[in-house]
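J.: coordinates for the following, if possible.
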Amino acid sequence: MYHPPRFIGLRRASFLLAGWIGLGACGWGLAQELEHEIGSTRGNPDTMRGLEFGIRSGFGFNRPNTPDFGRFGQVVPIWVDVGYRAHANWYVSVYFEFGVAQAFDVCTGRVHTFADPSITLCSGSELRYGANVHYHFRPNRKVDPWVGLGMGYEVAPWQVTHSRAGYEDYSGDFSGFEFANLQLGPDYRDELPWLGIGPFVAITLAQASSDSSNRLHSWLIVGARLVFDVRLH
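T.: This is a model prediction of the structure:
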């Protein structure tokens, strides 16, 4: 039976600590910089229109924490969104996320479908795609808080591999509609008004179905986001 490394808890705690430190730093920056305008948008935020690209990563936690064969509890995502800043306050985009799955219930011993020490590998991924819209509260300030809402579809394929001859490998997927994802965070911009960076938090609500279950679940994702403005008039 696979046993996870003991430092996985420390790694998870490090991600969470880094996320909260980032949020705290941006909160302090918000208090200090909220009234500072930036670059070519100074005094005229309505000129902030054009193509905008975002990329983010962090750590995701699957909820509820109910054991299931094929379920994984954590994911390390790469989340990309491509869209248009139709107005200084409004950003509309499509998004795609690929995540590397971790902490499989069957590999960590949370699901004892059969006593089989020949399980050598649990692997999987998480794919999310859809559309979302962001509202920016202070678009021409150094610290620009925003909130986002989106919806889409989720697919999470997985595989359990055996090392012993005569044993079958198992594979499957959880998939279904993501009814909503709520996101929030601040963008910090300084000397380069076309580049922003900041922490974010997102929570999703989806109905993942498989051969054995059909239930609601959610991802809580914390991390950092980079945003690039390709064109600002």
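J.: the helices in the protein, which residues?
T.: Secondary structure of the chain (DSSP state H): helices at 8-33.
J.: what sits against Asn132?
T.: Residues in contact with Asn132 (Cβ atoms under 8 Å, 6 or more residues apart in numbering) are 81, 92-95, 148-151, 181, 183. Placement of C-beta: from N, CA and C, glycine included.
J.: what does Val230 give?
T.: 50-53, 194.
J.: highest neighbour count among those residues?
T.: Glu52 (24 neighbours; other Cβ atoms under 10 Å).
J.: my guess is that one contacts Asp229. True?
T.: Yes. The criterion here is Cβ atoms under 8 Å, and Glu52 meets it with Asp229 at 5.3 Å.
J.: and for these two, which residues touch both?
T.: What both Glu52 and Asp229 touch, as defined by Cβ under 8 Å, 6+ apart, is the set Arg85.
J.: show me the contacts of Val230 that map onto strands.
T.: Counting by DSSP state E, the part of the contacts of Val230 found in strands is 50-53.
J.: can you redo these as TSV with distance to Asp190 and pLDDT?
T.: TSV is the format used below for the ones in strands among the contacts of Val230 (distance: Cβ to Cβ, whole Å; pLDDT from 0 to 100):
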residue	distance to Asp190	pLDDT
Gly50	19	88
Leu51	21	92
Glu52	17	94
Phe53	19	94
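J.: and of those residues, the nearest to Gly60?
T.: Closest approach between the ones in strands among the contacts of Val230 and Gly60, by Cβ to Cβ: Phe53, at 21.2 Å.
J.: for the protein, what spans make up the strands?
T.: Under DSSP E, the chain gives strands at 50-63, 72-85, 90-104, 119-136, 143-162, 170-188, 195-209, 214-229.
J.: can you add distance to Ser125 and give the ones in strands among the contacts of Val230 back as a markdown table?
T.: Shown next, in a markdown table, are the ones in strands among the contacts of Val230 (distance: Cβ to Cβ, whole Å):
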| residue | distance to Ser125 |
| --- | --- |
| Gly50 | 33 |
| Leu51 | 28 |
| Glu52 | 27 |
| Phe53 | 23 |
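J.: out of the residues you listed, which is nearest to Phe61?
T.: Using Cβ to Cβ, Phe53 comes nearest to Phe61 of the ones in strands among the contacts of Val230, at 26.3 Å.
J.: related to what we said a few turns ago, which of the contacts of Asn132 are buried?
T.: 81, 93, 95, 148, 150, 181, 183 (16 or more other Cβ atoms under 10 Å).
J.: residues touching the closest residue to the last one other than its chain neighbours, list them.
T.: Nearest non-adjacent residue to Gln183, counting by Cβ to Cβ, 6 or more residues apart in numbering: Gly148, 3.8 Å away. Gly148 makes contact with 132-135, 181-184, 202, according to Cβ under 8 Å, 6+ apart.
J.: 6 Å - rerun?
T.: 132, 134, 183 (Cβ atoms under 6 Å, 6 or more residues apart in numbering).
J.: for the last one, give me the pLDDT.
T.: Here, the pLDDT recorded for Gln183 equals 97.
J.: likewise the second one?
T.: Looking at His134, its pLDDT stands at 96.
J.: hey, what's it bridged with?
T.: Note on His134: beta-bridge partners by DSSP bridges are Tyr91, Gly148.
J.: got it, and the last one?
T.: When assigned by DSSP bridges, Gln183 has beta-bridge partners Gly148, Ala202.
J.: hmm, Ala202 and it touching each other?
T.: Yes. At 4.3 Å, Gln183 counts as touching Ala202 under the criterion of Cβ atoms under 6 Å.
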